[in-house]
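A.B. asks: Pasted the sequence and its predicted model underneath.
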Amino acid sequence: LPLTDASVDLIVTSPPYYALRSYTDGGEHYDGQIGSETTPAEYIAALVDCTREWVRVLKPSGSIFVNLGDKYTGAGGQWVDDERPDLSRRRLGKTSTKGQRYGLKPKSLLGLPWRYALACIDQLGLILRAEVIWSKPNSLPESVTDRVRRSHEQWFHMVRQPRYFSAVDEIREPHTWAHVGATRTANSKNGGSIASPVQGMGNTTGSFRGFNPLGKLPGSVWSIPSEPLTVPERLGVDHFAAFPTEWPRRLILGWSPSGICTVCGEGLRPSGIIEKVDAGGAHYRPTLGHVTGMGAPDGRAGARLATLRRITGYACACPESTAPTRPSVVLDPFGGTGTVALVATALGRVGISVDRSADYCRLAAWRTSDPGQRAKALQVPVPPKVSDDQLTLDFATQTDKAGTP
Ligand SMILES: C[S@@+](CC[C@H](N)C(=O)[O-])C[C@H]1O[C@@H](n2cnc3c(N)ncnc32)[C@H](O)[C@@H]1O
């Protein structure tokens, strides 16, 4: 990677899955792409080499999030997937080694995501903080009849050291009625009561007894539908493996600083007072950036608890966090269509997207600067399309001054 040591705050990436697709450049399958190794063991070794390089560029306080999918051995025990022969054989092109065995019986899941995660712990000394399951509500049907349909993929959260940057308060989720009830019961059994809303952020780390007024910690299963991506024809390139913007949105908000203090060099953490905002009759609201709402899911009883609370301040290691900040850096070393860089820049970070295909880099350059894509990434209304021959407001004003009605 053309980056200096310890220069990146967060890495969010989805490497090519093993023996699934052929990525192209100039319309051709290109050499040296991850995923087309001869054996799964070589694939894992290549991924571990990549990860070693990510560790070099990652700050000690940084996090790495890696998304991986798994694969089955075919009916003969070979690694090509007999259940999706179209993808495994035809698309692998000249590097295909159809029929290679991995020492597993036929029809076995290879367990590649976990083989990779364990190798990162064992060989790179990384700390594995979490496995997050990507549950796919709109996953594809499968033709098998003797096992469950696979409708999830894995994400791994890995760090270099036990103390690292996190701002998980930014992505807390609204308490549900069931959660509030469980906390109440647990607290009354313990002779306590529900913690009153805090004034500072001291107890926002998610203790069981006090339910956090900013919301509950996200769980380890995230249900996020895949998102279609329409690329303008003029770019002459397509890409079929972009992940939804919601993934980097949550990860960037939760694990990269909104700014880095230019005096102490630390990332700003949510630390301010929680404001109570009278939300009138508002009811249950999903997380909106760092504003969460709390109320009854049906909306009727919601008014009783309909108080919005939000993060109002940020702190670093300085006694007063008033120094100017610079943006944090978010990297996707398998950038593809630039989803991570798009969301990172829309959220005020520096986004770096790397890909071996110049075509995909061109696609990412379009995507990260397109107003419609940026609006989607921020979950705000897409601005109306501007036709190529529309005059700028500036030009129209000059025309008016010249006397044109
Ligand atoms: C699963 S896609 C990433 C898609 C991306 N997350 C997005 O949302 O668009 C994997 C990407 O890795 C790239 N790639 C494969 N081998 C590579 C290598 N050796 N170096 C850099 N990029 C590589 C492919 O060209 C492909 O675009």
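C.D. replies: Nice, thanks for sending it over. This is a predicted model, so every value here is computed, not measured.
A.B. asks: Which positions in the top helix by length along the chain come out as buried?
C.D. replies: Identified as the longest helix of the chain according to DSSP state H is helix 40-57. If you call a residue buried by 16 or more other C-beta atoms under 10 Å, then helix 40-57 has these buried ones: 40, 43, 44, 46, 47, 48, 50, 51, 54, 55, 57. Any C-beta I mention is one placed from the backbone N, CA and C, and that applies to glycine too.
A.B. asks: what's it packed up against?
C.D. replies: strand 8-13, strand 58-68, helix 112-124 (3 or more C-beta pairs under 8 Å, 6 or more residues apart in numbering; DSSP states H and E).
A.B. asks: hey, C-alpha coordinates of that helix in PDB?
C.D. replies: Taking C-alpha atoms only, helix 40-57 is exported to PDB below (Å, rounded to 0.1, in the frame of the first residue of the first chain):
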ATOM      1  CA  PRO A  40      -8.100 -22.400  -0.100                       C
ATOM      2  CA  ALA A  41      -4.900 -22.600   2.100                       C
ATOM      3  CA  GLU A  42      -3.100 -20.400  -0.400                       C
ATOM      4  CA  TYR A  43      -6.100 -18.000  -0.400                       C
ATOM      5  CA  ILE A  44      -5.900 -17.700   3.400                       C
ATOM      6  CA  ALA A  45      -2.200 -17.200   3.300                       C
ATOM      7  CA  ALA A  46      -2.600 -14.400   0.700                       C
ATOM      8  CA  LEU A  47      -5.200 -12.700   2.800                       C
ATOM      9  CA  VAL A  48      -3.000 -13.000   5.900                       C
ATOM     10  CA  ASP A  49      -0.200 -11.300   3.900                       C
ATOM     11  CA  CYS A  50      -2.600  -8.500   2.900                       C
ATOM     12  CA  THR A  51      -3.700  -8.100   6.600                       C
ATOM     13  CA  ARG A  52       0.000  -7.900   7.700                       C
ATOM     14  CA  GLU A  53       0.300  -4.900   5.400                       C
ATOM     15  CA  TRP A  54      -2.900  -3.400   6.800                       C
ATOM     16  CA  VAL A  55      -1.500  -3.700  10.300                       C
ATOM     17  CA  ARG A  56       1.600  -1.800   9.200                       C
ATOM     18  CA  VAL A  57      -0.500   1.200   7.900                       C
END
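A.B. asks: Pick the most deeply packed of the helices and strands packed on helix 40-57.
C.D. replies: strand 8-13 (a mean of 26; mean count of other C-beta atoms under 10 Å).
A.B. asks: when you compare where that strand runs with where helix 40-57 runs, what's the angle?
C.D. replies: 160 degrees (axes from the mean of the first three to the mean of the last three C-alpha atoms, to 10 degrees).
A.B. asks: what about strand 8-13, near the ligand?
C.D. replies: No. Using C-beta under 6 Å from any ligand atom, strand 8-13 stays clear of the ligand, with a minimum separation of 6.7 Å.
A.B. asks: Enumerate the residues of the stretch 151-300 of the chain near the ligand.
C.D. replies: So the stretch 151-300 of the chain meets the ligand at 239, 241, 242, 243 (C-beta under 6 Å from any ligand atom).
A.B. asks: hmm, back to that, which residues sit against the longest helix of the chain?
C.D. replies: 1, 3-8, 11, 13, 15, 18-19, 34-35, 37, 64, 66, 71, 79, 102, 110, 112, 115-116, 119-120, 123-124, 126, 160, 331, 333 (C-beta atoms under 8 Å, 6 or more residues apart in numbering).
A.B. asks: In contact with the residue of the stretch 201-350 of the chain found nearest the ligand, which residues?
C.D. replies: Residue of the stretch 201-350 of the chain nearest the ligand, by C-beta to the nearest ligand atom: residue 336 (2.6 Å). Contact analysis of residue 336 by C-beta under 8 Å, 6+ apart lists 14, 239, 241, 242, 353, 355, 360, 363, 364.
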